[in-house]
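>>> below is the structure, and that's it, no one-letter string:
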């Protein structure tokens, strides 16, 4: 938990310095497209916004709830957001650049011991619980399954 707080504070500081270097005479209001209610991306974005407020920063971060990484990328592309939280494998639209990698993405596939699933290929024809459509995790699942046929 302490590491998460440190990551949030460090990200907020980097963000403040980056924005001030871009437009030192303005006090920006940033729109951060995050993730879905109850998800880690939205919680991280809200914590980042809170750190910016509580540290006396001139930057105001407006957190936008979204369906996930795909929507965040779309919002960046069409100008509805200034920043977005994306999974590391989410394709970046033209004119969008990555700013900072916060942590590596991992995928875990778990099954009951009695389900007869020992490899990803064994998932064929099985009922599978997934993250919401539009989330990076959902998209990543189908990329992994495509890889394993």
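Sure thing, it's come through. Since the structure is predicted, the reported quantities are computational estimates derived from the model, not experimental observations.
>>> show me where this protein dips below the pLDDT cut-off.
In the predicted model of the chain, residues 1-27, 103 satisfy pLDDT under 70.
>>> go again using 50 as the cut-off
Along the chain, segments meeting pLDDT under 50 are nowhere present.
>>> can you tell me the SS state at the residue of it most remote from its centre?
In terms of distance from the mean C-alpha position of the chain, residue 114 ranks first, at 33.8 Å (Cα atoms, centre = their mean). Secondary structure, DSSP: H, G, I helix; E, B strand; the rest coil: residue 114 is helix.
>>> look up how far residue 145 lies from it.
22 Å (Cβ to Cβ, to the nearest Å). Where C-beta positions appear, they are placed from N, C-alpha and C, glycine not excepted.
>>> same question, residue 89
Counting by Cβ to Cβ, the gap from residue 89 to residue 145 is 14 Å.
>>> same check on residue 56?
48 Å.
>>> for residue 65, give me its contacts.
Residue 65 makes contact with 34-37, 42 under the criterion Cβ atoms under 8 Å, 6 or more residues apart in numbering.
>>> and it, how far is that from residue 85?
Taking Cβ to Cβ, one finds residue 65 at 11 Å from residue 85.
>>> anything in contact with each of these two?
With Cβ under 8 Å, 6+ apart, residue 65 and residue 85 have common neighbours 34-35.
>>> quick one on the thing from earlier: okay, residue 89 and residue 145: which has more neighbours?
residue 145 (15 against 12; other Cβ atoms under 10 Å).
>>> for the more buried one, which non-adjacent residue is spatially closest?
Of all residues not flanking residue 145 in the chain, residue 120 sits nearest, at 6.3 Å (Cβ to Cβ, 6 or more residues apart in numbering).
>>> I'd say the one you found and residue 148 touch.
Yes - the criterion here is Cβ atoms under 8 Å, and residue 120 meets it with residue 148 at 3.9 Å.
>>> of these two, which one has the most company?
Of the pair residue 120 and residue 148, residue 120 is the one with more neighbours under other Cβ under 10 Å, namely 14 against 11.
>>> how near is that one to residue 108?
In terms of Cβ to Cβ, residue 120 sits 12 Å off from residue 108.
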